[in-house]
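1. pasting the structure only:
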């Protein structure tokens, strides 16, 4: 997998940028929106950072794999919160009936 990403630089760059954007939007984004110019600057800086991570990816560091693990863990947390909320609703409905 590492060799394939090393031979396909553009695909690697796009994957890194998409994963970084997802992590930022799900973890670090505040509730209020940023002004448009700050938002544009933020994405430009993330694009530059993705370029730096692409260099590390080509130096045989598993950047994409680590980002995939981070996204998978974030998805697991979201599933856990969803299940807990469902259980809480069921418990509240049972308490109202009984």
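-> That came through fine. Since we're looking at a predicted model, the values are computed, not measured.
2. In terms of secondary structure, what does the helix or strand bottoming out on mean pLDDT in the chain contact?
-> None of the helices or strands of the chain scores lower by mean pLDDT, DSSP states H and E than helix 2-7, at a mean of 84. With contacts taken as 3 or more C-beta pairs under 8 Å, 6 or more residues apart in numbering; DSSP states H and E, helix 2-7 sits against helix 9-23, helix 36-58. Glycine gets a C-beta too; all of them are placed from N, C-alpha and C.
3. For the helix or strand following the longest one, what is the distance to the chain centroid?
-> Once the chain leaves helix 36-58, the next helix or strand it forms, by DSSP states H and E, is helix 63-97. Offset of helix 63-97 from its chain centre (C-alpha atoms, centre = their mean, to the nearest Å): 16 Å.
4. how far off helix 9-23 does helix 63-97 point, in degrees?
-> Between helix 63-97 and helix 9-23, the angle comes out at 30 degrees (axes from the mean of the first three to the mean of the last three C-alpha atoms, to 10 degrees).
5. can you pull the buried residues of helix 63-97?
-> By neighbour count on 16 or more other C-beta atoms under 10 Å, the buried set for helix 63-97 is 63, 64, 67, 70.
6. out of the residues you listed, who's nearest residue 57?
-> Using C-beta to C-beta, residue 63 comes nearest to residue 57 of these, at 4.4 Å.
7. ok, the closest one touching residue 53?
-> Yes: assessed by C-beta atoms under 8 Å, residue 63 is found in contact with residue 53 at 4.9 Å.
8. Return every residue with contacts to both of these two.
-> Shared contacts of residue 63 and residue 53, defined by C-beta atoms under 8 Å, 6 or more residues apart in numbering, comprise residue 16.
9. Phi and psi next, for residue 30.
-> Backbone geometry at residue 30, expressed as degrees, to the nearest 10, gives phi -80, psi 170.
10. No further questions, thank you.
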